[in-house]
Every structure is written in C-alpha cells, then in structure tokens.
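**Student:** coords please:
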Amino acid sequence: MNFSSFPKESVKVEEVIDCIPVGVAVLDTNLRLQAMNRALEAMTGFSREEAIGIDCSHIIRNNLCTQKCPAKQVLENDRAVHLEGNIVNRERQKIPVMIHASVLKDDEGKPLGVIETIEDISLLRELDKKTRITHDFADLVGHSPKMQKLLEILPIISQTDSSVLITGETGTGKDLIASVIHRVSPRAQGPFVKINCGALPETLLESELFGHTRGAFTGAVRDKPGRFQLADGGTLYLTEIGDLPLTLQVKLLTFLDDKEIIPLGGTRSARADVRLIAATHRDLQAMVRQGNFREDLLFRLNVVRLEVPPLRERQGDIRLLMEYFLNKFNRQFQKKIKGFSPEAIEILRQYPYPGNVRELANMVEYATNVCHESIIKQEHLPDYLGGPWDEALRPEVRATVGEMGSYPGLEESIGKRVADNRLNWREMERRMISEALVKSRGNRTKAAKILGWGRSTLWRKMKQHNLV
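**Tutor:** As a prediction, the model looks like this:
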C-alpha cells in the first residue's frame, strides 16, 4: 500500500498502531497485509517480516474468511462491519475474537484498502460462561459439606458425555440436578426429555422409550418416534430407573453399547445421539443381588455416580432453604412476608423431613399461602407438624419413608413398631398398605392419598407385596 498521502513529518504507521492494545491489520484492496501491530503478532504467532505481502487469510486465519470475510464486505458495501468469530493461531489454538473492519480512502474518496482491529474476547467468553453456570446453579441451595462437594463436581461432569446415575431419597432434588447438568452441558441447545420408568405399564413404556412401527400392536396406526429419538442431540433423563422391567433393561443395555435403538415391531435399528442420565431412590446393588436389576446395566449406568444427601444430613441448610423458598413464594403469591418466628424456625429445624427438600418446600408454600401477617408463625405451619412423630425412626427406615410423603393417622402406630424393632421395613410397608386399604374400604385412590403416594405407586407396591 502507498502511504505517500501521509505528511512526511508524521510518525510511521507501525509506530501509531503499535500503541493500540488490540490487534490491528492494514490490508490493500487485494486483501494482502501491508502493516500489523505487535498485539496482532502476539495473537497470531506470525511476525511482520513473515506476514507483510501475504494474503490475510493465511495470517489471520478466521472462520469467517470463506463466507463472511469482513474485508470483502466493507470493500463491496463501503460500510464498517463488526463480526464475532474465531481465529486459529500458529500454534493451532482457537481464539474467540471480535473483528471491526473499515475502508481506508484517499483524499478523493477512493478506497485504498481496509483496516481491521481484532480483539481477543476469550476472557469475556469465559466470564460469560461462568456467569451462565452460576445462574443455572442458583436453584441448588446449600452450604453443607456434602452439598458443596456435589456442587464442585457438577460443572466438571456436565462438560462430558458420560452416563450419570443420580441416587438419593425421594424429594432430595434429583430431577433438578439432572436438569442443571443438561443446561450447562454442550448439549444445552438440544432437547431435555424426561420419562418416569415407574409410571407406565411395560408394553406402553417400551413404546414410549423406543417408539413403535405401524401395526406393531392394536391401535398403532402409524409410526411413532420414541423418547430416545426425540432426545437426539440432547439428554434423556430416566427417573426411577429401578422400576424399569428386566426385558427393557436388556434393550437399554443394547443402546448403551451400540447407541442404536430398535422400535417396537421394527426390524431396522436407528442411531440416537443421546446422553443418558438416570435416577433412582432404590438400592440398585441390592436389587442386583435379588435378581431384579441387571448387574451389567448397573455398571454401564454407574460411570458417574452422584449421591444426593438427604436433608437431615445437610447441616445448616434447612434455615437457608427456608429463606430461599420464602423468597420464591413471596414473588409467586405477591406477598411481603419478612421471615419466620423463632417457634416456627425451631419446629422446622427439628422435623426429620422424610420427604426431604420437596417436603420443606411444600411446608413453606402452604405457610406462605395461609399467612396474612408479616411473620410466619407456628399456627401457619401444616397441622401435622404438631402431631406425633416418632423420633426413633431409624435412618435406614427414613430413607424409604421419604417416598411416602405424609400419612396422617398412621405415623404413631408405625413409629412404635419401628422403635420396638419388631418388624423389618418390608413387612411394615406391607402392613401400612393393608391398614390404608382398610381405612379407605378398598378404595385405592383414597388409600394412596392416605399414604401420600400416587395411585400408580400404590398399585406397584401392592403387586410387590402380593396384595392385588
């Protein structure tokens, strides 16, 4: 490029652009480099001596070069452009950059070339990523050691495609953790598909998971994609994986081995690019010993194991969660409740929470609804908090009680049985179901409500205990 139009007493162009802290390149109309500053040398790894006279696409190796070349755009449209892209330096490192390009003209307004500034925005990208992750993790509240350990590992495993098995009692937040893993993963733009393995009968569950072909069964009038296909490019979340029938466990194992599925009634396999997250409140290793869960499937699911602690083991988190849920429901119900009375705080702190975080959230939601004062008091809490609750409930029993919710009228007799240690949990659960059915006069819907279960859960447990 000819710089004769610059006054002779002026400083050299290189001296001027070296003072600029971002990369600067001066190109002629043929897009060959005529000048570059030290910042661009450091960014690209090429020296001025090597770069001058070379086509800019060989020095500033940008992903925009082939489609949206900034220099070409400004020469064609006579208008400055600002584009975000990536350059690959001499060490084959990819650097995110912001490129600003403008036309250089002579005194008559004719284009002499293009000046580009190339700004390294890798630090901004990293900050944006951390901010996004912090926002996504905002709903995972807890300062207890066990929760901090979990929160430290989540961002790491989120960036992989490994299968994840989330275990923990009902109500501990397994669904929320699965959702967060997806939102901060590279698959965040893909679908997040959830299915409860215990909510559907086996034949329907197979169709929902793997899809079916036309004529596969009565009523199958057309092909239907399964959840694996719907989750292609994203994450499939199988909750209550312990309830998956053995026949479907074999098909799931086949997918984990080959990343292929065969629809119900079909003969051709189809590939699905899916990351699998599974969750359960059951002891899968005990189920393996009992022959109810495949050991090889457990090995394949158990690549990354996340154990979510029950609320009773999260020292100090109950008070924190109380404030979190109060703020949440204040916004939701447009209330201005300031806090809890000392009596209410003590009751909520002492309660054993068989339903874990979900149960605490329900309590605070109830209290926020009924409270018309500035402070939540003892009378605003659910009535059953003031009723009998046996403190002798052992941790191993509480773990299973967690799936029950509340069961007014049963807890006193159950607590005595546990305290006396006369019954194991399986027998106690069987008697609880029997008592609930007697109280409801055989009405399963009412019995399920007494136990705090869903109707499908009651039906499944009745079959397990031969009560059908």
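**Student:** For the closest residue to Glu307 other than its chain neighbours, grab the count of nearby residues.
**Tutor:** Among residues not flanking Glu307 along the chain, Thr167 sits closest, at 5.4 Å (C-beta to C-beta, 6 or more residues apart in numbering). Quick note: C-beta positions are derived from backbone N, CA and C, even for glycine. Per other C-beta atoms under 10 Å, the neighbour tally for Thr167 reads 20.
**Student:** can you check the one 4 residues further on too?
**Tutor:** When neighbours are defined as other C-beta under 10 Å, Gly171 has 24 of them.
**Student:** just checking, it touches Glu359?
**Tutor:** Yes. The pair Gly171 / Glu359 is scored as a contact, 5.7 Å apart, by C-beta atoms under 8 Å.
**Student:** Thr254 - nearest residue in space that isn't next to it in sequence?
**Tutor:** Nearest to Thr254 is Glu260, by C-beta to C-beta, 6+ apart, at 7.3 Å.
**Student:** no, scratch that, I was asking about Leu248
**Tutor:** In space, Leu248 is closest to Glu206, 5.8 Å off (C-beta to C-beta, 6+ apart).
**Student:** elements contacting whichever strand or helix holds the one you found?
**Tutor:** Per DSSP states H and E: Glu206 is located in helix 202-210. Here helix 202-210 touches strand 192-196, helix 227-230, helix 246-258, going by 3 or more C-beta pairs under 8 Å, 6 or more residues apart in numbering; DSSP states H and E.
**Student:** SS state for Gly190?
**Tutor:** The assignment at Gly190 comes out as coil when based on DSSP: H, G, I helix; E, B strand; the rest coil.
**Student:** Leu230 is in contact with that one, correct?
**Tutor:** No. Taking contacts as C-beta under 8 Å, Gly190 lies outside contact range of Leu230: 10.4 Å.
**Student:** In the stretch 351-468 of the chain, where is pLDDT below threshold?
**Tutor:** Filtered on pLDDT under 70, the stretch 351-468 of the chain yields the residue ranges 386-426.
**Student:** now the helices for it?
**Tutor:** 356-370, 395-401, 411-420, 425-439, 444-451, 455-464 (DSSP state H, counting those that start in this stretch).
**Student:** got a list of contacts for the first one?
**Tutor:** Right, the one you point to is helix 356-370. 169-173, 310-311, 318, 321-322, 325-326, 329-330, 333, 335, 337, 344, 348, 353, 355, 376, 380-382, 385, 402, 405-406 (C-beta atoms under 8 Å, 6 or more residues apart in numbering).
**Student:** So for it, what gets flagged as buried?
**Tutor:** Burial within helix 356-370, assessed by neighbour count using 16 or more other C-beta atoms under 10 Å, is assigned to 356-368.
**Student:** re earlier: hey, what's in contact with both of Gly171 and Glu359?
**Tutor:** The contact sets of Gly171 and Glu359 overlap at Tyr353 (C-beta under 8 Å, 6+ apart).
**Student:** Gly452 and Thr66: what is the separation?
**Tutor:** 61 Å (C-beta to C-beta, to the nearest Å).
**Student:** same check, this time on Cys371
**Tutor:** Distance from Cys371 to Thr66, by C-beta to C-beta: 63 Å.
**Student:** Specify which residue of the two has the higher count of neighbours.
**Tutor:** Set Cys371 next to Thr66 and count neighbours by other C-beta under 10 Å: Cys371 wins out with 20 against 8.
**Student:** The lengthiest strand in the chain packs against which elements?
**Tutor:** Among the segments of the chain that qualify as a strand by DSSP state E, the longest is strand 94-105. If contacts are counted by 3+ C-beta pairs under 8 Å, 6+ apart, strand 94-105 sits against helix 70-77, strand 81-88, strand 111-120, helix 122-136.
**Student:** Can you mark which positions in that strand are buried?
**Tutor:** Those would be 95-97, 99-104, for strand 94-105 by 16+ other C-beta under 10 Å.
**Student:** can you check stretch 184-199 too?
**Tutor:** For stretch 184-199, burial by neighbour count (16+ other C-beta under 10 Å) applies to 184-185, 187, 190, 192-199.
**Student:** follow-up on the earlier one: right, so the helices and strands packed on helix 202-210: which one is the most enclosed?
**Tutor:** helix 227-230 (a mean of 21; mean count of other C-beta atoms under 10 Å).
**Student:** which helices and strands does the very next helix or strand once past it pack with?
**Tutor:** Using DSSP H and E, the next helix or strand after helix 227-230 towards the C-terminus is strand 235-239. Contacts defined by 3+ C-beta pairs under 8 Å, 6+ apart place strand 235-239 against helix 174-183, strand 192-196, strand 275-280.
**Student:** angle of the second one against helix 174-183?
**Tutor:** What separates the directions of strand 192-196 and helix 174-183 is an angle of 160 degrees, with axes from the mean of the first three to the mean of the last three C-alpha atoms, to 10 degrees.
**Student:** which one is Ile166 nearest to, not counting chain neighbours?
**Tutor:** Once flanking residues are discounted, Ile166 sits nearest to Ala279: 4.1 Å by C-beta to C-beta, 6+ apart.
**Student:** Next, count neighbours for that neighbour.
**Tutor:** Neighbourhood size, Ala279 [other C-beta under 10 Å]: 25.
**Student:** Confirm for me that it is in contact with Gly242.
**Tutor:** No. The pair Ala279 and Gly242 does not pass the contact test of C-beta under 8 Å, sitting 9.2 Å apart.
**Student:** just so I have it, where are all the strands in the stretch 251-400 of the chain?
**Tutor:** Along the stretch 251-400 of the chain, the segments classed as strands by DSSP state E, counting those that start in this stretch run 260-261, 270-271, 275-280, 304-307, 339-340, 375-376.
**Student:** any idea how far the second one is from the chain center?
**Tutor:** Which is strand 270-271. Centroid separation between strand 270-271 and its chain, computed with C-alpha atoms, centre = their mean, to the nearest Å, is 25 Å.
**Student:** What strands flank it, and is each parallel or antiparallel?
**Tutor:** strand 260-261 (antiparallel) (DSSP bridges).
**Student:** host element of Ile166?
**Tutor:** strand 164-167.
**Student:** That strand packs against which elements?
**Tutor:** helix 174-183, strand 275-280, strand 304-307.
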